[in-house]
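What shape does this take:
(chains A and B)
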Amino acid sequence: MSSTDDRHTISCLVENKAGVLARVAGLFSARGFNIDSLAVGTTENSEISRMTIVVCGGEEVLDQVRKQLDKLIDVVKVSDYRDVSHVERDLALIKVKTDKKNRSELMQICDIFRTKIIDVSPQSVIVEATGDEGKIEAFLELLEPFGVLEMSRTGVVAIARGEKILSVRES
Amino acid sequence: MELTGAQIVVECLKKEGVQYVFGIPGGCMLPIFDVLYDSPLQVVLNRHEQGSSHMADAYSRASGKVGVCMATSGPGATNLITGLASAYLDSSPMIAITAQVRTGAIGSDAFQEADAIGCTRSVTKHNYLVKDVCDLKRVIQESFYIATTGRPGPVHIDIPVDVLKAKTEFEWTEKINIRSYKPIAKPPIEQIKKAADLIKKAKKPLLYVGGGAILSGAGPVLNEFVNKTGIPVVWTLMANGAVPFDNPLNFGPLGMHGKYVSNMAVQKCDLLISCGARFDDRVTGNVSKFALNSKKIHFDIDPASIDKIIKVDAPVLGDLKMALEELMDLVPKGKLSSWQKELEELDKKHPLQFDLKDSKFVKPQYVIQKLHEITKGEAVVVTGVGQHQMFAMQYYPCKYPRQFVTSGGLGTMGYGFPAALGAKLAQADKNKPVICIEGDGSFQMTMSEMATAMRENIKVVVIVLNNYYLGMVRQWQEMFYQERYSGTALTAPSGNANKGQEADPGQIPYVPDFTKLAQAYGAKGIRVTKNEDVESALKDALKSDVLTVLEVIIDPKEKVFPMIPAGAGLDEIIVDMA
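Numbers count the residues shown, from 1 in each chain, chains lettered A, B, ... in the order given. Predicted structure coming up:
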């Protein structure tokens, strides 16, 4: 049995129509699935949007989520990344408390993680961090002693490496 | 040809072969009703939109065609929700069309505005808000296609009043293409072969038949399959009539109030073959104790049903009728007499039974048994929800598919009466009686539709099994809540000041007097208080040429047995209280 804490990333191509996000979000609440994050954006095809959903639960939960998503009429295709080599990225904007005393220390940490400081104020900076969730979490841990004032994250987006392509035309 | 949105709606319905529209008009709905006024479609005017939705749903279930209901914006639309949810859980293909406030007013809290598609999203297979009249024809066609294909279900279309008034060119074409919706029909042959292998190896196989068998039209093929293989059959509430009751391999309903033999058969079999059933909790009881000795085959058209509740060894995805036709040639003729015999012995040990003399009131089981006898098991039976529904399942086993109409998944009290009216209109053979079996609680939720029945001259017989209580809830209170009858006595005052006071039929006034109530609508009312009057009263009611309400006074203490308590395994079945 897999642990219920397992996280799975699902990509889902949907018709770019009003109400589709509500259908997907409604499905998750109605069926009691736990979403860690949900990111929506356009794709190379303007009629299609792509949703990346991170769910928690065992393999059975992932299977059921996939099947239920597939049942929604506006969902064109569902895919997950079990045993698929892929990349995941999450973007975080983090406002960190810092002043001239410890700003250079903070900048060193940002350098090591290859994140960018995109705004500086006397009492704080805004850092843009991109990476998989593990990297962001590790980075956040190091920022904690400075004081994280505010954070905004996109949620994970994912794409398979190499030949494997998720698009409407295939199939 | 240029048509208004309202005209397009009616034209499309005509093209889709719709004969009846069940509904109630209202402000935003006016354009459609105005067009209906001179159309060949017959408007059935209900007294509450819930009635419209159940009528449309039951019309679908009884005929296999699509029932259509209509309601205006706001409260009209929200009143349909119970009906849509009932249809959704039982996979009934119906279409609900509602009007919406004008496009520009959406979101302004306008008069009679509700976010209708927001409300129905989770209780429909799909829904649409049509903001452009040019999309209307496509949306209606897609709706019929979606409702009737794959695992069927209700579809809701919400149309703002300005779209109903706007004009566009209309030309009917049959073509539909929804790239994101491609339901499977033909089951993969490898899956069927795997199922056939399991069947060949099984010594004690059992068919567990659900509503999908009715929906796919698999009844006759299934019966042929049963006769060829000799595999015994048990069925769910939704599949009464899928296999004729008089087939000796038909061992009756299973589940919470199913027969002893059917439930034990599930626990004893070595191969459970689910045909269009979904392992509902009312069937499985405690899943960790369910059918542990068996491998499992699961025929289902809905991929999401596979492995949802019970892990299966051989899923077969697709249309059940097609699957059984393929499977038929791959399985040998069966000789399973010892297994069949074992089940026959079990059935003899604990048959369905009741004692006619254990109550001073009429026995509800007897009423339905008599009804079965008089109508030769061939009447269309429609039920409400509660004890009477379970008695109907037990004592009115059916002969053919679509003969038994009931709210199984949602368990919607109030379903029965409007559904019976819808089933009557759906009947090809108008001579077969339609009997609505109701309880006093369930009937009172939608009995205002008596006006509809009288106005439209729809003749059905309503048998109200009156025990003065919400009987099924009372049964649970008696068995599991220390006889604390909180909020279940329908005639005795139910406030806390009257604790312990029980309703005693005959001692207290009728609230309401169902026979007088029927008469007030111009219907016929008959009351029966003794077993010996049941037969003649039933015959009277069946002969009546007008809507007839036959009220039968039964014992409030009457309970439905057998019973598998919630959370127990099927073999922990309680046969009776003694």
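
packing partners for the longest helix along chain B?
Criterion DSSP state H: the longest helix present in chain B is helix B:49-63. If contacts are counted by 3 or more Cβ pairs under 8 Å, 6 or more residues apart in numbering or on different chains; DSSP states H and E, helix B:49-63 sits against strand B:20-23, strand B:67-71, helix B:75-79, helix B:81-89, strand B:94-100, strand B:404-405, helix B:416-426, helix B:440-446. Bear in mind the C-beta positions are built from the backbone N, C-alpha and C, glycine included.

Check whether stretch B:155-167 comes near chain A.
No: counting by Cβ under 8 Å from any Cβ of the partner chain, chain A has no neighbours in stretch B:155-167; the shortest distance is 9.2 Å.

pLDDT on that stretch, on average?
Here stretch B:155-167 scores 98 as its mean pLDDT.

what's the first-to-last distance across that stretch?
24 Å (Cα to Cα, to the nearest Å).

For that stretch, what is the distance to the chain centroid?
Computed by Cα atoms, centre = their mean, to the nearest Å, the separation of stretch B:155-167 from the middle of its chain amounts to 30 Å.

before we move on, back to that, buried ones in the longest helix of chain B, by neighbour count?
Residues of helix B:49-63 classed as buried by neighbour count (16 or more other Cβ atoms under 10 Å in any protein chain shown): B:49-63.

swap in stretch B:9-26?
Neighbour-count burial for stretch B:9-26 [16+ other Cβ under 10 Å]: B:9-13, B:16, B:18-26.

Just the pLDDT for residue 76.
Since no chain was named, I'll use chain A. At residue A:76, the model reports a pLDDT of 96.

Chain B, not that one
98.

Can you tell me who the residue lying closest to residue B:269 once chain neighbours are set aside pairs with across the strands?
Excluding its sequence neighbours, the residue lying closest to residue B:269 (Cβ to Cβ, 6 or more residues apart in numbering or on different chains) is residue B:206, at 3.8 Å. Counting by DSSP bridges, residue B:206 forms beta bridges with residue B:272.

What are the neighbouring residues in contact with the residue nearest the centre of chain B?
Taking Cα atoms, centre = their mean, the centroid of chain B lies closest to residue B:406, which sits 2.9 Å from it. By Cβ atoms under 8 Å, 6 or more residues apart in numbering or on different chains, the contact list for residue B:406 reads B:237, B:238, B:240, B:382, B:383, B:385, B:389, B:392, B:393, B:415, B:416.

about what we covered before: please report how far the residue nearest to residue B:269 lies from residue B:273.
Per Cβ to Cβ, to the nearest Å, residue B:206 is found 7 Å from residue B:273.

which neighbours do the two share?
Counting by Cβ under 8 Å, 6+ apart, the shared contacts of residue B:206 and residue B:273 are residue B:231.

Residues in contact with the one helix or strand residue B:9 maps to: which ones?
Remark: residue B:9 resides in helix B:5-15, with elements defined by DSSP states H and E. Here helix B:5-15 makes contact (Cβ under 8 Å, 6+ apart) with B:3, B:21, B:31-32, B:34-36, B:39-41, B:68, B:97, B:130, B:133, B:136-137, B:140-141, B:159, B:163-168, B:170, B:172.

among those residues, which are in strands?
With strands taken from DSSP state E, the overlap with the contacts of helix B:5-15 comprises B:3, B:21, B:68, B:97, B:159, B:167, B:168.

Compute the number of surrounding residues for the fourth one.
It refers to residue B:97. 24 (other Cβ atoms under 10 Å in any protein chain shown).

now the fifth one
Taking other Cβ under 10 Å as the neighbour definition, residue B:159 ends up with a count of 31.

Can you show me the CA trace of the helix or strand where residue B:388 lies as PDB?
Residue B:388 belongs to helix B:387-395 when assigned by DSSP H and E. C-alpha atoms of helix B:387-395 as PDB (Å, rounded to 0.1, in the frame of the first residue of the first chain):
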ATOM      1  CA  GLN B 387     -40.300   0.900   3.800                       C
ATOM      2  CA  HIS B 388     -43.000   0.600   1.100                       C
ATOM      3  CA  GLN B 389     -40.200   0.800  -1.500                       C
ATOM      4  CA  MET B 390     -38.400  -2.200   0.000                       C
ATOM      5  CA  PHE B 391     -41.600  -4.200   0.300                       C
ATOM      6  CA  ALA B 392     -42.300  -3.400  -3.300                       C
ATOM      7  CA  MET B 393     -38.800  -4.700  -4.300                       C
ATOM      8  CA  GLN B 394     -39.300  -7.900  -2.300                       C
ATOM      9  CA  TYR B 395     -42.900  -8.700  -3.200                       C
END
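
Which positions in the stretch 201-350 of chain B make contact with chain A?
Near chain A, when you scan the stretch 201-350 of chain B using Cβ under 8 Å from any Cβ, you find B:302, B:303, B:304, B:306, B:307, B:308.

State the distance from residue B:486 to residue B:175.
For residue B:486, the distance to residue B:175 - Cβ to Cβ - is 58 Å.

For these two, indicate the residue with more neighbours.
residue B:486 (12 against 6).

surely the more buried one meets residue B:477?
Yes: the pair residue B:486 and residue B:477 qualifies as a contact (Cβ atoms under 8 Å) at a distance of 7.0 Å.
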